[in-house]
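Trainee: with the input below, show me the fold.
(one chain, ligands or ions: 1)
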Amino acid sequence: MEFKNQDIKNTYDKFNEDTNSLPLKELTAKYLGRNSLVKELLAKIKNIPDDQKKEYGQQANELSRYIEEKLEQISNTPIFQGTKEYIDPTAPFDINQNNSSEVYPKGLEGTKNPLTQEMDRVLDIFKQMGFDIIESRQLDDDYHMFETLNIPKGHPARDIWDTFWTEEGLIPPAHTSTMQNRVMKTAGQPPVRCVIPGMCYRNEATDASHEHTLFQIEGVYVDKNISVGDMLGTIKTYLEAFFQTKLEIKVQPAYFPFTEPDMEFVISCPFCKKTGCKVCKYSGWMELMGCGEINPFVLREAGIDPEVYSGFAWGFGLDRLVMVKNGIQDVRRFRSGDLNFLKQF
Ligand code: DAH
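Mentor: Residues are numbered from 1 along each chain as shown. Next comes the predicted model:
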């Protein structure tokens, strides 16, 4: 809406701003009540020069109609019926809605997505183990996605994680390893003990075990005299806490440009204890994550002297872990918005 008169325009802008924060009753009193801003505008007409009076009056009335319609609309929106207070979207459900059970029948209040619930649990375990938590980001650059991880331009390993690019040359990260350099630089000199949760994006033809969007949780540990033994013990401790059972572990060879040596971490099936079941596809073992000793190049690029310090890192997909833990057959269900599925958690 266009208003020539500055007072009318200001009232219009203020009203639109207030609709985001004031409850209906206050809005009505402030804009349409006896001493309201609109009444004030109408009263001011006596001070307006004669040749502008007509236009001023029309516009003030137009604003008044606009506000009436808007307030009518708001009062017809179910969430505002019976609401006496501000809506606080961060508050527990019942606080905003004293007739909540009428608006949303019991049982439909919603729950946290199973991925969010498990993410909270995983991070709690790592916090108890003394790790800092730093969140990854949703857009990153070539330097952090590739260069800092020992994957220079033209390196064939780029193909593994070369997924999406924005027109500005930024990348929705394909893994959380993009953060390794940052957390080491932020920590300054070791020790570095950090866990990095984050959303990752992949160029996938999706199926029951592949999604284009997934959560990863990265770990970075750097100090003096850190060995592969420290890594195996740390990851095993975490997984035993997560699955609430003792596990056997083994590693098998893998390839990552940012670790040396590179490994895949394998655990005995927490469900059948190696006797064979559907979850482990009757092999008794499950491969859960990539890991390894951090490549000296990666340490040096973050300003850490690999002659003095060493460390390990890992990266695993949360979605897969939660599937395994709950016997979920299709990874796409987490983000499907299917309430019948989500309500079970
Ligand atoms: N970023 C790897 C991936 O997404 C996983 C990974 C492997 C992370 C080894 C690590 C690591 O930190 O050391 O496939």
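Trainee: near the residue nearest to residue 226 when sequence neighbours are not counted, how many other residues are there?
Mentor: Distance criterion Cβ to Cβ, 6 or more residues apart in numbering; nearest residue to residue 226, sequence neighbours excluded, is residue 310 at 4.8 Å. Backbone N, C-alpha and C define where each C-beta goes, glycine included. Residues near residue 310, counting by other Cβ atoms under 10 Å, number 21.
Trainee: now swap in residue 237 and tell me
Mentor: Residue 237, neighbours per other Cβ under 10 Å, totals 13.
Trainee: so which bits of the helix or strand harbouring it are buried?
Mentor: In this structure, residue 237 is located in helix 228-243 according to DSSP states H and E. Of the residues in helix 228-243, 230, 231, 232, 234, 235, 236, 238, 239, 240, 241, 242, 243 count as buried by neighbour count, 16 or more other Cβ atoms under 10 Å.
Trainee: cool, and stretch 327-343?
Mentor: Neighbour-count burial for stretch 327-343 flags 328, 331, 333, 334, 342 (criterion: 16+ other Cβ under 10 Å).
Trainee: and for stretch 141-155?
Mentor: Those would be 141, 144, 145, 146, 148, 149, 150, 151, for stretch 141-155 by 16+ other Cβ under 10 Å.
Trainee: out of those residues, which two sit at the greatest distance?
Mentor: Farthest-apart pair in the buried residues of stretch 141-155 is 141 and 150; separation 16.1 Å (Cβ to Cβ).
Trainee: what residues are up against residue 218?
Mentor: Counting by Cβ atoms under 8 Å, 6 or more residues apart in numbering, residue 218 touches 136, 175-177, 179-180, 195-198, 313-315.
Trainee: looking at the buried residues of stretch 327-343, spot the one nearest residue 1.
Mentor: residue 342 (41.6 Å).
Trainee: now do the closest one against the ligand, distance only.
Mentor: Going from residue 342 to the ligand by Cβ to the nearest ligand atom, to the nearest Å gives 26 Å.
Trainee: residue 188: which of the buried residues of stretch 141-155 is nearest?
Mentor: residue 148 (16.6 Å).
Trainee: quick check: closest non-adjacent residue to that closest one.
Mentor: Using Cβ to Cβ, 6+ apart, the nearest residue to residue 148 is residue 181, at 3.7 Å.
Trainee: the one you found - that's part of a helix, no?
Mentor: Yes: residue state for residue 181 (DSSP: H, G, I helix; E, B strand; the rest coil) corresponds to a helix.
Trainee: and it, what does it touch?
Mentor: Applying Cβ under 8 Å, 6+ apart, we find residue 181 in contact with 144, 148, 149, 298, 301, 302.
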